[in-house]
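> Sequence below, structure please.
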Amino acid sequence: ATLGWNAVSGALSYNVQYRGVGDSTWISLSSNSNNISVSNLTAAKNYEFQVRTVCTSGNTAYSASATFTTLAPVSG
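Reported below is the predicted structural model:
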């Protein structure tokens with residue numbers, strides 16, 4: 001899946017965290033642009049992610065969660 005968000009002027013990078021909805025553990029990644037690809041996701045599962053901006057003056061708080069759902073496996 002490719003996760004995307006609005007770019008922030010002056011951002012050095014972004015910290016991204018995601019997890020399955022209802023899971024307790026976040027998986028953290030870093031991106032130098034306003035999108036990131038994540039892999040090893042479970043098919044037909046709901047996920048949530050949050051982003052925070054890394055600036056020279058420090059980090060912002062994480063955004064509100066956005067959700068996405070992976071596709072079910074194709075049979076055939």
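
> Give me the secondary structure label for the residue nearest to the spatial centre of the chain.
Most central in the chain under Cα atoms, centre = their mean is F49, positioned 4.2 Å from the mean C-alpha point. Secondary structure of F49, reduced to three states by DSSP: H, G, I helix; E, B strand; the rest coil: strand.

> I'd say it and Y62 touch.
No. Contact status for F49 versus Y62: not in contact, 9.5 Å apart, counting by Cβ atoms under 8 Å. Placement of C-beta: from N, CA and C, glycine included.

> what do those two both touch?
Q17 (Cβ atoms under 8 Å, 6 or more residues apart in numbering).

> thinking again about what came up before, next, the residue nearest to the residue nearest to the centre of the chain when sequence neighbours are not counted: phi, psi?
With sequence-adjacent residues excluded and distances taken as Cβ to Cβ, 6 or more residues apart in numbering, F49 is closest to Y18, at 3.9 Å. With angles defined as degrees, to the nearest 10, Y18 sits at phi -140, psi 160.

> check contacts around Y18.
3, 26-27, 29, 38, 47-50 are the contacts of Y18 under Cβ under 8 Å, 6+ apart.

> so A61 makes contact with R52?
Yes. Between A61 and R52 there is a contact at 6.3 Å, judged by Cβ under 8 Å.

> Comparing these two, which shows the higher neighbour count?
R52 (17 against 8; other Cβ atoms under 10 Å).

> Go ahead and confirm that one touches T60.
Yes. Counting by Cβ under 8 Å, T60 is a contact partner of R52 at 4.9 Å.

> Now the nearest residue to T25 once chain neighbours are set aside: which helix or strand?
Setting aside the residues directly before and after it, T25 is nearest to R19 in space (Cβ to Cβ, 6+ apart), at 6.2 Å. Using DSSP states H and E, R19 falls within strand 13-20.
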